[in-house]
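Visitor: 3D, please:
(one chain, ligands or ions: 1)
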Amino acid sequence: MRHLIDFGDMTREEWDELYRRCSDILDRPEAYLDACKGKVSASLFYEPSTRTNFSFQTAMLRLGGSVFGFADPKSSSVAKGETLKDTIKMVSGYADVIVMRTPWEGAAKAASLYSDVPVVNAGDGGHMHPTQTMADLTTITRLRGGVDGLSVGLCGDLKNGRTVHSFIKAMEKFRDVKFFLISPRELAVPEYMRAFMRERGMWFTEVTGLEPVIPQLDVLYMTRIQKERFIDPLEYERNKGIYILTRRKLERAKDKLLVMHPLPRVDEISVDVDDDPRAVYFKQARFGMFARMALLADLANQPRREPEPVEIGRGRVCRNPRCITATEGYLPPLVKRIGEADCCAFCDAPLG
Ligand code: NCD
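Guide: Residues are numbered from 1 along each chain as shown. Sure, this is the predicted structure:
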């Protein structure tokens, strides 16, 4: 694996290998103190973050490497109108690995076309967030021994929640996972995700009620309604506070349920759930740091390599207004097939 843009970039074998390394780091952190000695990671955060940014930074520091970057694009040349391509060309000259978060879908993929060093997608708009999925899989595997055969409820904003999309993508690598997709109809998973699950023969059902399905679940993955992604503020007002997990609602849940959340939480998990032993979201955030250590130990040590030249785009192909191709006009018109449809290779939105 050269870059981590989408969980699909990783084979099952590569994930197993990463998980083995992550587990080893958890058990013997002292053996990795110099794993990234002399290496430098760039963290380009064009959007707010606490966990992801801090956990990537602490991951690099714990491996003996160092970190530079920005957490607010207003303090970088982006504010002067610099293109993403130029920022990446320049930063990839200074760093050994680039970790980036943006509000634009497909931006990490775009960056990977121009970077001499590995690029890690730390969240691209409402699209994908593969390293959160690494945290999620590590949590489930460490606490339950494995992922195969589990019934997983994903609840909340499944339309805009990038952690959900990455999680579903990863699940094709496991056997007999059942998905209960719990959301209001207007916040259901995007069609490209549905097409992906159908194409892979994955078992899923879409429901609007949380309580009726709770007793069947092994994992309940709660998510925040993603306020910043709503174009229509009324749509947000209609949906905020729609699912609130309480201690009472957990009474009928399995004893071995894992209640997970990528965090930050707003009100979707009531504070009285925190002391229930099934609530593992703070552990999940800590596991995320170890998963990122395993990833950085691999990527930051890869040799620099100039990317192949890419064709310059002549006019837009993708109509998704949040796609990186909407703002960076030089990007090539890359297309990929999902199910029966031609889709934008940056943001996955169907073309045409
Ligand atoms: C998530 C994100 O940024 O997508 N947070 C995180 O990375 N842990 C979830 C969210 O913001 O709701």
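Visitor: now G65, nearest residue through space, not along the chain?
Guide: C36 (3.4 Å; CB to CB, 6 or more residues apart in numbering). Heads up, the C-betas are built off the backbone N, CA and C, glycines and all.
Visitor: okay but that neighbour is in contact with N301, surely?
Guide: Yes: taking contacts as CB atoms under 8 Å, C36 lies within contact range of N301: 7.0 Å.
Visitor: Would you state the predicted confidence (pLDDT) at F7?
Guide: pLDDT, F7: 94.
Visitor: so what's the closest residue to R12 other than its chain neighbours scoring on pLDDT?
Guide: In space, not counting the residues next to it along the chain, R12 is nearest to K173; the distance is 4.3 Å by CB to CB, 6+ apart. At K173 the predicted local distance difference test score is 95.
Visitor: And stretch 338-349, end to end?
Guide: Between the opening and closing residues of stretch 338-349 there is a gap of 10 Å (CA to CA, to the nearest Å).
Visitor: Name the residues of it that are buried.
Guide: 338, 343-349 (16 or more other CB atoms under 10 Å).
Visitor: can you tell me which of the residues you listed are up against the ligand?
Guide: When these are checked against the ligand using CB under 6 Å from any ligand atom, none falls in range.
Visitor: Please enumerate the helices of the stretch 101-250 of the chain.
Guide: With helices called from DSSP state H, counting those that start in this stretch, the stretch 101-250 of the chain shows them at 107-112, 130-144, 162-171, 191-199, 233-239.
Visitor: And the residue nearest to R12, how far from V147?
Guide: 9 Å (CB to CB, to the nearest Å).
Visitor: who in the chain is up against the ligand?
Guide: Counting by CB under 6 Å from any ligand atom, the chain sits next to the ligand at 51-52, 123, 129, 132, 162-163, 223-224, 262-264.
Visitor: For the longest helix seen in the chain, name the packing helices and strands.
Guide: When the chain is parsed with DSSP state H, its longest helix is helix 281-299. Packing partners of helix 281-299 (3 or more CB pairs under 8 Å, 6 or more residues apart in numbering; DSSP states H and E): helix 12-27, helix 51-62, helix 130-144, strand 258-260.
Visitor: okay, those in TSV with mean pLDDT and mean neighbour count next?
Guide: Formatted as TSV, the helices and strands packed on helix 281-299 follow (pLDDT from 0 to 100; neighbours: other CB atoms under 10 Å):
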stretch	mean pLDDT	mean neighbour count
helix 12-27	97	16
helix 51-62	97	21
helix 130-144	98	23
strand 258-260	98	25
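Visitor: For the ones you listed, give me JSON lines that also has distance to R101.
Guide: As requested, those are exported to JSON lines (distance: least, CB to CB, whole Å):
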{"stretch": "helix 12-27", "distance to R101": "20"}
{"stretch": "helix 51-62", "distance to R101": "6"}
{"stretch": "helix 130-144", "distance to R101": "10"}
{"stretch": "strand 258-260", "distance to R101": "21"}
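Visitor: what's the closest of the ones you listed to I88?
Guide: I88 lies closest, by CB to CB, to one member of those: helix 51-62, at 17.0 Å.
Visitor: Report the angle between the closest one and helix 281-299.
Guide: 50 degrees (axes from the mean of the first three to the mean of the last three CA atoms, to 10 degrees).
Visitor: outside of helix 51-62, which residues touch it?
Guide: Helix 51-62 is touched from outside by 29, 32-33, 36, 39, 41, 43, 45, 66-67, 71, 99, 101, 120, 122-123, 129, 131-132, 135, 262-264, 285, 288-290, 292-293, 295-296, 300, with contacts defined as CB atoms under 8 Å, 6 or more residues apart in numbering.
Visitor: For the buried ones among these, write the corresponding ChimeraX selection.
Guide: Listed next is the ChimeraX selection for buried residues among the contacts of helix 51-62, using 16+ other CB under 10 Å:
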select :32,36,39,41,43,45,66,67,71,99,101,120,122,123,129,131,132,135,262,263,285,288,289,290,292,293,295,296,300
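Visitor: what's near enough to touch the residue nearest the centre of the chain?
Guide: In the chain, the residue lying closest to the centroid (CA atoms, centre = their mean) is H129, at 1.3 Å. H129 makes contact with 52, 121-123, 162-163, 165-166, 262, according to CB under 8 Å, 6+ apart.
Visitor: From N160, how far off is it?
Guide: 12 Å.
Visitor: what's the answer for G64, then?
Guide: Distance from G64 to N160, by CB to CB: 37 Å.
Visitor: now swap in P103 and tell me
Guide: 11 Å.
Visitor: quick one, which of the two is more surrounded?
Guide: Ranked by neighbour count (other CB atoms under 10 Å), P103 and N160 place N160 first, with 22 against 17.
Visitor: Please verify my assumption that the more buried one contacts Q226.
Guide: Yes: at 3.9 Å, N160 counts as touching Q226 under the criterion of CB under 8 Å.
Visitor: and for those two, which residues touch both?
Guide: Here N160 and Q226 have G126 as joint contacts, going by CB under 8 Å, 6+ apart.
Visitor: Hmm, V189 and D157 touching each other?
Guide: No: taking CB under 8 Å as the definition, D157 is not a contact partner of V189, at 10.1 Å.
Visitor: More neighbours: those two, which one.
Guide: Using other CB under 10 Å as the criterion, D157 and V189 rank with D157 on top: 26 against 21.
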